[in-house]
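Q: Generate a structure from the sequence data that follows.
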Amino acid sequence: MNIDQLLREQFGFDSFRPGQRETIESILSGHNTLSMLPTGTGKSLCYQLPAYLLQGAVIVVSPLLSLMQDQTEQLKRRGEKRVIALNSFLQYEEKNAALANLNRYKFIFLSPEMLQIPQVIQALRQLQVSLFVVDEAHCISQWGYDFRPDYRLLGNVRNELGSPLTLALTATATEKVRNDILNGLQLHTVKEWVFSVNRPNIAVHVEKLQDQMDKQARLIELVSFFQKPGIVYFSGRRAAEEAVHHLKQAGVERTAFYHGGMDAGDRLLIQHQFLTGELDVVCATSAFGMGINKENVRFVIHYHMPPQMESYLQEIGRAGRDGNPSAAVLLYVPGDEKLHEFIAEMEFPDDGQIRQMTEHGIAARDVQPPLSETQTRFAVHYKQEAERKNINPFRYISQKREYLLERKAIKRKEIVMWLSAEECRRAGYMRLFNEKRAEQQQCCDVCGVSLAAFQEKTVITRSEHREHWRDLLARLLPEK
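A: Here you go, the predicted structure:
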């Protein structure tokens, strides 16, 4: 069976999206492959389809539980039962049973941290691995917008598994980041497919406001105005929760918040409700998005400035995956960037916490004040690396923290300059990827864009909404 037949019969599509055919043919020709495909172009098909033409298991390294869950559910809906995600959702007994029976599975999803467990590696070495997939591969690079230390160890993992055929996938990676990916995975002979980051159906609009009160009022106005569904991104959990409260007061009832501080079951419920159309709007931190394969998202609003351009492009790329016109609005008040300076500092342990681990031998789980999951991952990774190199762990971890803070500061400056520039927004971000902007309608606020094109067909005003609920309550309450 050729790939076009398989596309129709197994996946129900008549044609490939840009970059999919090239990536799939590269893999089936036996080439290690790095593909940078725009958000919303269906990167998962690039490993799912070849899997049915290759003998052996496909290992998929994924950075988020929600992303793994979405991919496994997607495969199961297509009738594929030979799929498993090895993550914290599995109980101890379930995990042991899965490892003992891995040869039953075609698709095996894991986090990079899971691949540092000797028992897991030992089980994987017993398999015939036909394809080793690194999803969101920019996480390998310290210049990447979502750097994960344990992603840097995947090159060693590949070697332990016999250097299988490898596919690295990302949506936003500059040339520097792509070079880091190749070096991190220890890939020397590689076929690269790099496609434009531009999504011409997404209109980009930046609004500069006077203060936070203006911003809050404008958010309510835009969400009420826009055609739904949509996503609103925040930099903090509390801000996302408060926004839901204000939106519901304004009549936007089918809205909910989503962030990493929620119970895993609650997060999955919100994700499911949004995907099935039970929710119109999700107010979320960056924890929401990867793997959210919802084609008809009509708008993405950034309430807070993103920390860097790559994360901005990833997040607006959740809109318009069906190819229809969609809007991306960023609300900016001068000084918003200070929030990300604070957030960046909080991502890493301070000197006192590092000393507890390195000089007093205190386990990461017992450090005071307690370490977050991100801080723990960072501290443990570089402490182990320092010990392997036989160098001072306190100094080494502190140096790594300062280095990464410096990288983040450079990225923040980049997006602030983009916000303050008077040139076409699209041209500005495409230049970062060595691309030139093509002429198009509904481009950006600088070139001229009409948000009226994205208006909800029937807009219910706040007063109309209140009247509706008064009538409903009057009917429900018993007469006196």
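Q: When you work out contacts or count neighbours from here on, use the C-alpha atoms and nothing else.
A: Fine.
Q: So which residues of the stretch 251-400 of the chain form helices?
A: 264-275, 309-316, 337-346, 351-358, 373-389, 393-420 (DSSP state H, counting those that start in this stretch).
Q: same for the fifth one, what does it pack against?
A: Contact analysis of helix 373-389 by 3 or more CA pairs under 8 Å, 6 or more residues apart in numbering; DSSP states H and E lists helix 393-420 as its packing neighbours.
Q: Relative to the whole chain's centre, how far out is the helix it packs on?
A: Taking CA atoms, centre = their mean, to the nearest Å, one finds the center of helix 393-420 at 20 Å from the center of the full chain.
Q: Let me see the mean pLDDT of whatever helix or strand comes next after that helix.
A: Where DSSP states H and E defines the elements, the next helix or strand beyond helix 393-420 is helix 425-431. Over the span of helix 425-431, the pLDDT mean works out to 94.
Q: List of residues touching helix 425-431?
A: For helix 425-431, contacts defined as CA atoms under 8 Å, 6 or more residues apart in numbering pick out 197-198, 204, 309, 418, 436-437, 443-446.
Q: got it, and stretch 389-409?
A: Defining contact as CA under 8 Å, 6+ apart, one finds that stretch 389-409 is touched by 142-143, 307-308, 341, 344-345, 348, 351, 354-355, 358-359, 379, 382-383, 386-387.
Q: how close does the spatially closest residue to residue 252 that is not a sequence neighbour sit to residue 11?
A: If the residues on either side of it in the chain are set aside, residue 252 comes closest to residue 224, at 6.6 Å by CA to CA, 6 or more residues apart in numbering. Residue 224 sits 36 Å away from residue 11, going by CA to CA, to the nearest Å.
Q: Compare those two (neighbour count), which wins?
A: Set side by side, residue 224 and residue 11 show more neighbours around residue 224, with 20 against 14, by other CA atoms under 10 Å.
Q: Correct me if wrong, but the more buried one is in a strand.
A: No: assignment of residue 224 by DSSP: H, G, I helix; E, B strand; the rest coil gives helix, placing it outside any strand.
Q: In TSV, list the helices of the stretch 251-400 of the chain along with distance to residue 297 and mean pLDDT.
A: What follows is those, written out as TSV (distance: least, CA to CA, whole Å; pLDDT from 0 to 100):
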stretch	distance to residue 297	mean pLDDT
helix 264-275	10	88
helix 309-316	10	92
helix 337-346	26	89
helix 351-358	42	96
helix 373-389	29	92
helix 393-420	24	94
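Q: need those helices in a markdown table with mean neighbour count and distance to residue 31, can you?
A: Compiled in a markdown table, these are given as follows (neighbours: other CA atoms under 10 Å; distance: least, CA to CA, whole Å):
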| stretch | mean neighbour count | distance to residue 31 |
| --- | --- | --- |
| helix 264-275 | 16 | 35 |
| helix 309-316 | 21 | 27 |
| helix 337-346 | 15 | 38 |
| helix 351-358 | 18 | 43 |
| helix 373-389 | 16 | 31 |
| helix 393-420 | 17 | 32 |
